[in-house]
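S.K.: got a predicted structure here, sequence first:
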Amino acid sequence: MKLALIGVGQAGGKVVEALVAYDGKTGDRFVTAALAVNTAKADLLGLKLLRPEHRVLVGQARVKGHGVGADNELGAEVMSEDVDEVLRALDSVPTHEVDAFLVVAGLGGGTGSGGAPVLAHELKRLYTEPVYGLGILPGTDEGGIYTLNAARSFQTFVREVDNLIVFDNDAWRASGESVQGGYATINEELARRLGVLFSAGETDGTDVAESVVDASEIINTLAGGGVSTVGYASAKLDRTEKGLLSRFGGKKREAVDDGESLSRILSVVRRATLGRLTLPCEIGGTERALVIVSGPPAYLSRRGIERARTWIEEETGTMEVRGGDYPVPDSDYVASVVLLSGVYDVPRIKELQQIAIEAQRSREDHEAVAPDALEDLLSTDDRLDSLF
Ligand SMILES: Nc1nc2c(ncn2[C@@H]2O[C@H](COP(=O)(O)OP(=O)(O)OP(=O)(O)O)[C@@H](O)[C@H]2O)c(=O)[nH]1
């Protein structure tokens, strides 16, 4: 599936670059175009892979290239004013070759949090292709303003996109490590999950899969909107038997035990679904799902994938489970990506909203008393004259 990626804000730009790097490493399958948009010039200069004409500075008249300092209302205003700059940069992109847009942003800051929903709205108005969002939730240690920004952006962004894939930084922090310290690793993990998902629809036809996943299956799983989460797991193959070839239908094929392949696939799919999701949630509350199994064609047991699909139906309670394979002939792994779309039982979102409501209330209380408090501080009961 061919994507145009647009990263908004610092996290957005870095995650887009991680996706571009993954795509380059695995054979340029799913990224047709990639842009980064920011109010901070330094962040754009810090990017390594995107071409200069694909880095768009917005809000220069308002913030002089210095960022919006976690003010997401300002981030939204600036994007509304300068969205034409972004659309102009998209003019150089062959959008007729694109199956969908993916707008990526950290929801806790200002530029991405405020700007991404505005940009998504504009893209949906102008293009017929689906517009997806990838929203990154801040870590709980980042403080009230980040949580408040994220909760407000989340509820706006999810309404403006055809589907919002969510990644929770908090769930991905390695123990004892701050989220900041681990961004490079976290971004790679995220890129691998989305990379397998979106490149699955882009097999080049040289290795005909038994039941290949195509772009329309990804689009149909994401259609219907709401929030999505992605799971991933892999198993290393012992391909010493790579050399053990059997004659099969006149062609040489790797000799693989189908029973073993079947149970390997079931185990990998279970781990992908029940392990750490990009957004942890109760999988019983899922509307649609897609399971992709990748690996060397000989190991992609069709029965295994069918069984895995049935297992996901039972676990999630939805009948709308699509599945298929994604052949990667030279791989030494069988891996699975599971996309759970339209998830609605998500304690982390409820917790985020609760903390944000409290942060908003305490900010309002603070703003209400602040003018009086300043008056009190300055008051000298007219015993001291002001200068003018
Ligand atoms: N996963 C991931 N999250 C990041 C990364 N960088 C920042 N974040 C998260 O994204 C949130 C928003 O931060 P930024 O993207 O730096 O903010 P911004 O959109 O540029 O907005 P301003 O700096 O306020 O103009 C932070 O709260 C972090 O949780 C990254 O490289 N990877």
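M.R.: Structure received.
S.K.: what residues does the stretch 101-250 of the chain put near the ligand?
M.R.: Along the stretch 101-250 of the chain, the residues adjacent to the ligand under the rule Cβ under 6 Å from any ligand atom are 106, 108-113, 136, 138-139, 142, 146, 169, 183, 186-187. In short, each C-beta sits where N, CA and C put it, glycine included.
S.K.: out of those, who's nearest G9?
M.R.: Each of these was checked against G9 using Cβ to Cβ; the closest is G112, at 2.7 Å.
S.K.: measure stretch 280-290 end to end?
M.R.: End-to-end span of stretch 280-290 (Cα to Cα, to the nearest Å): 17 Å.
S.K.: what comes into contact with it?
M.R.: When contacts are defined by Cβ atoms under 8 Å, 6 or more residues apart in numbering, stretch 280-290 is touched by residues 168, 171, 197, 213, 217-218, 220-221, 224, 226, 229, 273-274, 312, 315-318, 320-323, 338-348.
S.K.: out of those, list just those in helices.
M.R.: For these, membership in helices holds for 171, 197, 217-218, 220-221, 273-274, 312, 315-316, 347-348, with DSSP state H as the criterion.
S.K.: got a list of what the closest residue to the ligand within the stretch 251-388 of the chain touches?
M.R.: Ranking the residues of the stretch 251-388 of the chain by distance to the ligand (Cβ to the nearest ligand atom) places T278 first, at 10.1 Å. With contact taken as Cβ under 8 Å, 6+ apart, T278 is in contact with I165, V166, F167, D168, A171, L190, R193, T229, V230, G231.
S.K.: how many neighbours does the second one have?
M.R.: Counted with other Cβ atoms under 10 Å, the burial measure for V166 works out to 26 neighbours.
S.K.: go on, the fourth one?
M.R.: The local packing count at D168 equals 25, with neighbours defined by other Cβ under 10 Å.
S.K.: right, and it touches L137 too?
M.R.: Yes: under the criterion of Cβ atoms under 8 Å, D168 lies in contact with L137, with a separation of 4.5 Å.
S.K.: anything in contact with each of those two?
M.R.: In contact with both D168 and L137: L279, R348, using Cβ under 8 Å, 6+ apart.
S.K.: for the residue in the stretch 151-300 of the chain positioned nearest to the ligand, give me the pLDDT.
M.R.: Ranked by Cβ to the nearest ligand atom, the top residue of the stretch 151-300 of the chain for proximity to the ligand is Y183, at 3.7 Å. On the pLDDT scale, Y183 is placed at 93.
S.K.: quickly find the element holding it.
M.R.: Element membership for Y183 (DSSP states H and E) is helix 183-199.
S.K.: hmm, back to that, buried ones among the contacts of stretch 280-290?
M.R.: Buried by 16 or more other Cβ atoms under 10 Å: 168, 197, 213, 217-218, 221, 226, 229, 273, 312, 315-316, 318, 320-323, 338-343, 346, 348, out of those.
S.K.: quick check, K124 in contact with E160.
M.R.: Yes: with the criterion set as Cβ under 8 Å, K124 and E160 qualify as a contacting pair; they are 6.8 Å apart.
S.K.: who's more crowded, those two?
M.R.: A direct count of neighbours by other Cβ under 10 Å for K124 and E160 places E160 higher, at 19 against 16.
S.K.: the more buried one contacts L123, correct?
M.R.: No: between E160 and L123 there is no contact, the gap being 9.0 Å when judged by Cβ under 8 Å.
S.K.: which neighbours do the two share?
M.R.: The overlap between the contact sets of E160 and L123 (Cβ under 8 Å, 6+ apart) consists of V131.
S.K.: can you give me the neighbour number for the closest residue to K14 other than its chain neighbours?
M.R.: With sequence-adjacent residues excluded and distances taken as Cβ to Cβ, 6 or more residues apart in numbering, K14 is closest to N187, at 6.0 Å. Neighbourhood size, N187 [other Cβ under 10 Å]: 22.
S.K.: quick one: contacts for N187?
M.R.: Contacts for N187 were tallied using Cβ under 8 Å, 6+ apart; they are K14, V15, A18.
S.K.: so the last one: helix, strand or coil?
M.R.: In terms of secondary structure, A18 is helix; the call rests on DSSP: H, G, I helix; E, B strand; the rest coil.
S.K.: how many residues are close by it?
M.R.: Applying other Cβ under 10 Å, we find 24 other residues in the vicinity of A18.
S.K.: my guess is it meets E188, correct?
M.R.: Yes: under the criterion of Cβ under 8 Å, A18 is in contact with E188, at a separation of 6.0 Å.
S.K.: quick one: contacts of stretch 163-175?
M.R.: Taking Cβ under 8 Å, 6+ apart as the rule, stretch 163-175 contacts 130, 132-140, 154, 157-158, 179, 182, 185-186, 189-190, 194, 222-230, 276-280, 341, 348.
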